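Novice: sequence plus the predicted model coming up.
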Amino acid sequence: DEGYITLAHGSGGRATHNLITDIFLETFRSDALNALDDSARLDLALFMARGDRLAFTTDSFVVDPLFFPGGDIGSLAINGTVNDLAVTGAQPLYLSCGFILEEGTPIALLRRIAQSMKLAADTARVKVVAGDTKVVPRGKGDQIYINTAGVGVARSNQVPGPRYLQPGDAILLSGPMGDHGTAILLARGDLALEADITSDCQPLHDLAAALCEACPTVRAMRDATRGGVAAVLNEFAQTSRVSMVIEEAALPVRPPVAAACEVLGLDPLHMANEGLLVAVVPGEFAARALMAMQMLPEGREACLVGHVTKADPPVVILQTRFGSERIIEWPMGDPLPRIC
Amino acid sequence: MKFVTEFRDPASVAGWVREIAHLAQRLDRPVALMEVCGGQTHTIFKHGLEALLPETVELIHGPGCPVCIMPRGRIDDAIALAEQPGMIFATFGDALRVPGARGSLMQAKARGADVRVVYSPLDALTLAQTHPDRPVVFFGLGFETTAPAVAMTILAAARAQQANFSVFCNHVLVVPALEFLLQASGLRLDGFIGPGHVSAVIGTDPYQAVVDRYQKPVVVGGFEPIDLLQSIWMLLLQLVEGRCAVENQYHRLVKPEGNSPALAALAQVFTVREQFEWRGLGSLPRSGLAIAPAFAAFDAEQRYCLPSQASEDSPVCQCGLILQGKLKPWECSAFGRGCTPDHPLGACMVSSEGACAAYYKYGHGG
Amino acid sequence: MCLAVPGQVVAIVDGDQQLATVDLSGVRRSVSLACLVTPDRPIEQWVGRWVVVHAGFALEELDVAAATETLTWIDRLTTPA
């Protein structure tokens, strides 16, 4: 077998060099990485040709388990970073990946994750141009943690942000809620539940671009990761000092995800996603925005779920199927399975 | 979802709302009905059912949430157990964020205690089997719905002679709590929606004595919108017709005599404590379960020495009055100020099932 | 105090331990039937039946006929609006 990560791999000597060449250069085959320089120098002209704003983000990935139906820590790291850039109206271009590896982690596992990252990067049409690996003693980490940084380019006249919401705006979701959060909960195995639920982990760059093209005045976009759609809606409402009314009947949840949430006493609105776009557009653009998203596979189940209203103080209201109302709570912390 | 979605059909709900309105008109006086179980409270708030009821029908949210009524001292004991050397402390997710006097189990976990959330007490037993060299304690909480599951788990542990497994028993009984509420002076309650899943275990018979003695009708209800609206309708019908009886709305699951294997397991593994403290209600006679002497080997309270200090709630807290329907959450001076879901002062704000937490999060308050 | 979900017993996992697989609308789990199995109703008879599951235990059998009765009661009752 390929052996294990040892402290030597973290020493910066030949063992580190061999690991980087054998795993990362071999997998990513990117000129920038191959140069093994201490930084990647990127042609500014390429940026200037596409816009006047450099978008820059960072994210860390510590998912447990490392592999789950629909993805792994590697595809999650690439897509999560791509999505943070895409939802701010930027075209993602280059990524860096820093690995914190625990002593004793099988090298074959690292190779598998690197290959998954390469596939995800190619799919999202971005390049991994800088990387780093550090090793921590056994027990001081959980096999693999990944930190990323990402740069992209945006146009200043097209930068959606939650502070621009207006009463009458339409609230759109690009697909069903809760797939990732429930997939992870079940994949951990300690609840001993099985269902065919897969993470929605996917890049949203094409979807965001299609949306911005169909609707030049997108008010706000965000990928609904931890805290779920409920967290995003509450963040938007607070930032723009507006309220929202969401139609319960319009909220899309896949049947097995709804069943898992029912069994565990959880609310799909609070469950994490990794490929779900929440967008707010002027009311008159709603139909066109939906059509633009529905033309792409990652948006084919896009739907209108509610509207922005003026009511103050800002609150996110759920209109139940019965016509009554309740508040959609800003989730406190991680959703915990409950019996009561 | 089979046997769930059908009970949330909007047309049927609208039909029951109309029928309730008709009865409320015929009754022509305000009534206060208590849904006893926290799970029923959750359904009422999740589906916004209160807003569908006529003005004259008021719902009082009962003491039916096991983490809400758990005294802070018991949380401190749980933390003391979790911090024993090498201990694996298994618990339902409900208890993780409940603050004792020294913080919550989640904070104890952050300090290094091995606290694990489990879905079933059997999973805690499995932890004991897969970690034979480490002590495993399961945090036994819940009413008669959950107690049989824990009893069966203790019986399985005894059969397997799983010496490193034990239970910290905090199970409570619902009828004594009902009796306490009914005895309270100045009670405004006109009837009860009985806890459906507790009754699946104990049956509907145990409520008869309570109904006879206190002349308040009980309708054992389920947990879906149609179940709760039907139960309210059945209570109103009794009031209109001047009847006072135990009725069973949730008859798809609840039998009058209850579930005999579950009751047998309860009787075998547990005994009834003379007294047990309920947060917000005080110490109620014969209202809690302890592990029977025959299974003392699996009783964490006997195997480990616990601080067992009672820790009073802040004097400002008026949860007792709220649980008895004498005060509305927003009428409490601490509601939303000193007492919030992040810093609960009393039972009703502790978990999302508690009346105050539910109003704070789901309702505008009134 | 008692979150419980209907599901159908689909297979026996371990007769001695009284464990069976229950399908909860697409979510499957090994559940104890210790509160249901009796000498005159052995575990084999439970496959295909509907139960309500709480904390990994089948709490009680769900009476399908009674469920339909509850659902259709409103139609039999409806007074002209």
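Specialist: Cool, the structure landed.

Novice: quick one: is the lengthiest strand in chain C near chain A?
Specialist: In chain C, assigned by DSSP state E, the strand with the most residues is strand C:5-14. Yes. Strand C:5-14 lies within reach of chain A by Cβ under 8 Å from any Cβ of the partner chain, at C:Val5. (Each C-beta comes from the backbone N, C-alpha and C, glycine too.)

Novice: can you check the pLDDT for B:Tyr362?
Specialist: On pLDDT, B:Tyr362 comes in at 69.

Novice: over to B:Ala347?
Specialist: In this model, B:Ala347 is scored at 77, pLDDT.

Novice: what sits against the residue positioned nearest the centre of chain A?
Specialist: Central residue of chain A (Cα atoms, centre = their mean): A:Gly80, 3.5 Å from the mean position. Each residue near A:Gly80 by Cβ atoms under 8 Å, 6 or more residues apart in numbering or on different chains is listed here: A:Asp59, A:Phe61, A:Thr148, A:Asp223, A:Thr225, A:Glu274.

Novice: for the residue lying closest to the fifth one once chain neighbours are set aside, grab the count of nearby residues.
Specialist: Read it as A:Thr225. Counting by Cβ to Cβ, 6 or more residues apart in numbering or on different chains, A:Ala272 is the residue found nearest to A:Thr225 once chain neighbours are left out, at 5.6 Å. The burial count assigned to A:Ala272 is 26, neighbours taken as other Cβ atoms under 10 Å in any protein chain shown.

Novice: hang on, A:Ala272 packs against A:Val229?
Specialist: No. Taking Cβ atoms under 8 Å as the definition, A:Ala272 is not a contact partner of A:Val229, at 10.0 Å.

Novice: what's the helix or strand for A:Glu262?
Specialist: Using DSSP states H and E, A:Glu262 sits in helix A:255-264.

Novice: low pLDDT regions in chain A?
Specialist: In the predicted model of chain A, residues A:1 satisfy pLDDT under 70.

Novice: so where do the helices sit in it?
Specialist: A:14-19, A:26-28, A:31-34, A:44-48, A:73-86, A:107-123, A:179-187, A:205-214, A:228-240, A:255-264, A:286-294 (DSSP state H).

Novice: and these, which is most packed in?
Specialist: Greatest average neighbour count among those goes to helix A:73-86 (a mean of 28), per mean count of other Cβ atoms under 10 Å in any protein chain shown.

Novice: could you tell me the angle between that one and helix A:107-123?
Specialist: 30 degrees (axes from the mean of the first three to the mean of the last three Cα atoms, to 10 degrees).

Novice: what's the angle between helix A:73-86 and helix A:205-214?
Specialist: 20 degrees.

Novice: residue farthest from the centroid of chain B?
Specialist: Quick read of chain B (Cα atoms, centre = their mean): farthest out is B:Asp133, 34.1 Å.

Novice: which residues in chain C form strands?
Specialist: Using DSSP E, strands in chain C cover C:5-14, C:19-24, C:27-32, C:50-54, C:57-61.

Novice: ok, which of the ones you listed comes nearest A:Gly74?
Specialist: Closest approach to A:Gly74 among the strands of chain C is made by strand C:27-32 (27.6 Å; Cβ to Cβ).

Novice: what's next to that closest one, contact-wise?
Specialist: By Cβ under 8 Å, 6+ apart, strand C:27-32 touches A:192-195, A:256, A:259-260, A:263, B:120, B:122, B:149, B:152, C:7, C:9-10, C:13, C:17-22, C:51, C:53, C:56-58.

Novice: and that strand, how far out from the chain's middle?
Specialist: 11 Å (Cα atoms, centre = their mean, to the nearest Å).

Novice: give the buried residues for it.
Specialist: Within strand C:27-32, the residues scored as buried using 16 or more other Cβ atoms under 10 Å in any protein chain shown are C:Val27, C:Arg28, C:Arg29, C:Ser30, C:Val31, C:Ser32.

Novice: TSV for the residues you listed, including pLDDT?
Specialist: Putting the buried residues of strand C:27-32 into TSV (pLDDT from 0 to 100) gives the following:
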residue	pLDDT
C:Val27	97
C:Arg28	98
C:Arg29	97
C:Ser30	98
C:Val31	98
C:Ser32	98
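
Novice: identify, from the residues you listed, the entry nearest to chain B.
Specialist: C:Ser32 (6.2 Å; Cβ to the nearest Cβ).

Novice: how far away is the closest one from A:Ala192?
Specialist: C:Ser32 sits 12 Å away from A:Ala192, going by Cβ to Cβ, to the nearest Å.

Novice: which neighbours do those two share?
Specialist: With Cβ under 8 Å, 6+ apart as the test, C:Ser32 and A:Ala192 both reach B:Ser120.

Novice: what does chain C put close to chain A?
Specialist: So chain C meets chain A at C:1-3, C:5, C:24-30, C:53-55 (Cβ under 8 Å from any Cβ).

Novice: so where is the stretch 51-200 of chain B shaky, pLDDT-wise?
Specialist: Scanning the stretch 51-200 of chain B for pLDDT under 70 picks out no residues.
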